[in-house]
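# give me the fold of what follows.
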Amino acid sequence: MANKEPGMKVPEDLLYTKNHEWARIEDGTAVIGITDYAQNALGDITYVELPEEGDHFEIGKVFGTVDSLKTVAELYAPLSGEVLEVNAKLPNTAEQVNEDPYGDGWMIKVELADEKEIEQLLPAAEYLKLVSKQAKQKS
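As a prediction, the model looks like this:
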């Protein structure tokens, strides 16, 4: 697991967006969530609004929102496709996104419309560089 920022987790087996979503690619599907950096920046997450199974999204389009004590943040689809499954636990246990963003805090599973889009995502090392740069700009 790549880890440059103190306490921030960036699993090497995932791909990332500049908007701080992650995707785990498995046989033509993607499990999607928000990164450890994103959940930390948002603070205590109180509610997650997700799409319904069968909904279609284009890459870069909003697929839901996350409410925290600090703000409401939009979630952007890292890849185009159809929602196969939604993490049904999250509306009642939104804190799972804070506690385990890469595990129990996953958000949706999507059947990929175009696997070539995967090439647009960032590997862990590139995402870490982006986050480090953003963290420096804030301080």
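
# tell me what the helix of greatest length in the chain is packed against?
The longest helix of the chain (DSSP state H) is helix 124-138. Packing partners of helix 124-138 (3 or more C-beta pairs under 8 Å, 6 or more residues apart in numbering; DSSP states H and E): strand 15-16. Any C-beta I mention is one placed from the backbone N, CA and C, and that applies to glycine too.

# list the contacts for the residue nearest to K9 when sequence neighbours are not counted?
Excluding its sequence neighbours, the residue lying closest to K9 (C-beta to C-beta, 6 or more residues apart in numbering) is D36, at 4.5 Å. By C-beta atoms under 8 Å, 6 or more residues apart in numbering, the contact set of D36 is 8-10, 101-102.

# and if you look at E52?
83, 86.

# does it count as helix, strand or coil?
The three-state label given to E52 by DSSP: H, G, I helix; E, B strand; the rest coil is coil.

# got phi/psi on it?
Main-chain dihedrals, E52, degrees, to the nearest 10: phi -100, psi 160.

# then G33?
phi -160, psi -170.

# helices of this structure, residue ranges please.
Using DSSP H, helices in the chain cover 36-42, 95-99, 124-138.

# closest one to V62 among those?
Closest approach to V62 among the helices of the chain is made by helix 36-42 (14.6 Å; C-beta to C-beta).
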